[in-house]
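Asker: Sequence first, predicted coordinates after that:
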There are 2 protein chains.
Amino acid sequence: MSEILKKEMFTIPKGMIYLDGNSLGPMPVDVPGRMAQMLSDEWGQMLIKGWNGAGWMDQPARIGDQIGRVIGTPDGSVVLGDTLSIKVYQALASALMMRPDRRVVLSDTGNFPTDLYMAEGLLGMLGQGYTLRTVAPDQVAQSITPDVAAVMLTHVDYRSGRVHDMNAVTQAAHQAGAVMIWDLAHSAGALALDLHGSQAEFAVGCTYKYLNGGPGAPAFIYVRPDLADTVKPALSGWLGHRAPFDFDPRYQPGQGIERMRVGTPPVLQMTTLECAMQAFDGVDMQQLRAVSVALQEQFIAGIEARAPMLTLASPRQSDQRGSQVSFAFDHGYAAMQACIHHGVIGDFRAPNIMRFGFTPLYIDADDVEQAIERIANIMADRLWDQPQFHARQKVT
Amino acid sequence: MSEILKKEMFTIPKGMIYLDGNSLGPMPVDVPGRMAQMLSDEWGQMLIKGWNGAGWMDQPARIGDQIGRVIGTPDGSVVLGDTLSIKVYQALASALMMRPDRRVVLSDTGNFPTDLYMAEGLLGMLGQGYTLRTVAPDQVAQSITPDVAAVMLTHVDYRSGRVHDMNAVTQAAHQAGAVMIWDLAHSAGALALDLHGSQAEFAVGCTYKYLNGGPGAPAFIYVRPDLADTVKPALSGWLGHRAPFDFDPRYQPGQGIERMRVGTPPVLQMTTLECAMQAFDGVDMQQLRAVSVALQEQFIAGIEARAPMLTLASPRQSDQRGSQVSFAFDHGYAAMQACIHHGVIGDFRAPNIMRFGFTPLYIDADDVEQAIERIANIMADRLWDQPQFHARQKVT
């Protein structure tokens, strides 16, 4: 475990047990210094020359390679930019253009809402009979009928943590002639992935959860290398052009994954993310995953023993679970507010889910033990049943 | 002029005359401190709680109001997010859905390429006879035929600085039943605008040029308030949902301009931009514009007198020009490299344009005089004709 735990690389307030790195990762300690330097030496001193002089223009591809190593893809197949919602749209639009005779997008009812919304917006605009079909997560593989153009799924369910079998579903999609799109929001940096080995055509993900890129860190998109030179980008922005600074009046897609770039990259967020990705240098993702599973098992056993009013809402089998554990509780909102008040940070997902993320880079068995202790006390003493914990706020 | 000039609020290296604020504004001196505080007190200490506790969730609307004051729109009609390319796409997609029976998007040949590329990508995907038609800038008003769904123009030409008559073109669009979309990339923070008064339906713009929001700062979108509750967002992301944290499986657009939000906002960039926008507190945009014109006139007169081999490529009449002055020169690339080498920062735009931006918040008549002096020397002594200035690099 010692090679995985890098607590000293992250900023976590004293007394806080942060089980919410699956929502927003904590700040790496190197970030403030790196950002101060970037502002002073790059934006402040180089100004416009920073695009080349400080390497801003190449960040999206450079960080793409860092992320590729974590998700199991070759160099040059991932690029950063935009938000995950936009990247979902971009992947789906390209996928539909690869199957012009098919009209159905298949997803599951457990998908994160924004993925479904973005599909709804795209398909609604396209008209022409395009339909979004959602089925229960365990029904996906058998529901890929010949009218399905693309199967679009989030690998790990944001509520329950249930994980799809990436290889099996991708294979089923391909057998039915459909294009496969994976959303890795809750997988990248948390699970041992072999995305390239799965043969999926597209994957997208965010970087502010397990990758600790900071609030609003950019998203990423992967295109299978054999397709990257032929895929049609619907979001055909100038930085995806093959020669952006020729100011050609006609769009001509760039080489490979570069064509999935769109507009001017958010350099401050990119710089922060690039710094944060150093925490993954030399990390064996299989080993990280094993530690994550051990922490989750410890947590489940402890909560079930000491806070039996919480009902496990995640799959019990660890290989069917991502890097989070969810419990259902009728007063889950108030209970999570009480947990937060007592320094155990997780989050609530409507209608009744209390969600806890496990991130072996900065959470260890002692943290888990303390979290169990505090939650057990909150539940035993009904500490959640106080007016201030019932008042609703926006929660992310 | 003294009320406009705020040189002490910006970081500009000693000896540098920065005439490139139309490409990337310089760093406001308050940014490093604000960013250090944000990292330490917000991300570092509040972590996930920053979304509400530090007001991150409301930044896109809050900064929208700051920008609205600069571009002449009421509070609650502008929201920040994504890149300008994405915002162009978003506005155009919504506009097309407002005119389902029309199939043409009209733009001009001087539009910034990414606007045309994004339209090309959208229309190509839609198929069904959708066409992008481009005409010469002075032919736009008379070319708005009854098949035109949307007129999509950049207000100030990125190369020449030529400015469209916002009211006249918008009126012509409306008379022909078309929706008007303005790209204010080179206008916001530079010109005195009355966008709301123009009655245009949509406007978009970036914030890293005259608004000094930093490299990759987010874009903005304006929707005319009477349309904001009915416009259909094609990029229907979760933060544009009317209740994002209900995790409703169906998209339901948010109230007013909020529906034009898409994904998770880039908080570090937003924080920087919000800080930078303070420079516009109390600025009278009419007065700022007057100073900009005076600086440009001084520059044109000086260059034409002392560097006659440069040919004015911007309109000579100041009311037809934005806040930049462009000169054509066959060896423009090398000449601009030489200017940069000698501390006069402008930029080059293919094929032969040397472009200089005038930003009265931090550029004064002394700076302009010095810039003229240095450029005159470079041209008189052919200092540009050296091998190192001919070697091409990517330039933004």
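Answerer: Received, thanks.

Asker: residue contacts, the closest residue to residue A:166 other than its chain neighbours?
Answerer: What sits nearest to residue A:166 in space, not counting adjacent residues and going by C-beta to C-beta, 6 or more residues apart in numbering or on different chains, is residue A:198, at 4.8 Å. In short, each C-beta sits where N, CA and C put it, glycine included. Residue A:198 makes contacts with A:166, A:167, A:170, A:180, A:182, as judged by C-beta atoms under 8 Å, 6 or more residues apart in numbering or on different chains.

Asker: The second one is in what secondary structure piece?
Answerer: Following DSSP states H and E, the helix or strand that holds residue A:167 is helix A:166-175.

Asker: Let me know whether the helix or strand following that helix sits next to chain B.
Answerer: Toward the C-terminus, helix A:166-175 is succeeded by strand A:179-183 as the next helix or strand (DSSP H and E). No: judged by C-beta under 8 Å from any C-beta of the partner chain, strand A:179-183 and chain B are separated, with a smallest distance of 12.2 Å.

Asker: Do I have it right that residue A:233 meets residue A:256?
Answerer: No: Residue A:233 lies out of contact with residue A:256 (C-beta atoms under 8 Å); the separation is 11.6 Å.

Asker: Between the two, tell me which one has more neighbours.
Answerer: residue A:233 (25 against 17; other C-beta atoms under 10 Å in any protein chain shown).

Asker: Surely that one is in a strand?
Answerer: No: counting by DSSP: H, G, I helix; E, B strand; the rest coil, residue A:233 is not found in a strand; it is coil.

Asker: List the residues that contact it.
Answerer: Here residue A:233 is in contact with A:90, A:94, A:240, A:253, A:259, A:260, B:121 (C-beta under 8 Å, 6+ apart).

Asker: what's the closest of the contacts of residue A:198 to chain B?
Answerer: Closest approach to chain B among these (C-beta to the nearest C-beta): residue A:182, at 17.5 Å.

Asker: Touching, that closest one and residue A:150? I think so.
Answerer: No: the criterion here is C-beta under 8 Å, and residue A:182 misses it with residue A:150 at 11.2 Å.

Asker: do you know how far residue A:266 is from residue B:357?
Answerer: From residue A:266 across to residue B:357, the span is 22 Å (C-beta to C-beta, to the nearest Å).

Asker: Actually, residue A:342.
Answerer: 54 Å.

Asker: Please apply the same query to residue A:255.
Answerer: 32 Å.

Asker: which of those two has more neighbours?
Answerer: It is residue B:357, of residue A:255 and residue B:357, that has more neighbours when counted by other C-beta under 10 Å, with 28 against 10.

Asker: helix or strand for the closest residue to that one other than its chain neighbours, which one?
Answerer: Of all residues not flanking residue B:357 in the chain, residue B:22 sits nearest, at 3.0 Å (C-beta to C-beta, 6+ apart). Taking DSSP H and E as the definition, one finds residue B:22 inside no helix or strand.

Asker: Please, where are all the helices along the stretch 51-200 of chain A?
Answerer: Counting by DSSP state H, counting those that start in this stretch, the segments of the stretch 51-200 of chain A that form helices are A:59-71, A:84-98, A:113-126, A:166-175, A:195-198.

Asker: Relative to residue B:101, which of those helices is closest?
Answerer: helix A:113-126 (15.3 Å; C-beta to C-beta).

Asker: which other residues reach the closest one?
Answerer: Taking C-beta under 8 Å, 6+ apart as the rule, helix A:113-126 contacts A:84-86, A:88-89, A:92-93, A:96, A:105, A:107, A:130-132, A:134, A:152, A:154, A:183, B:93, B:96-97, B:125-126, B:232-238, B:241, B:247-251, B:263.
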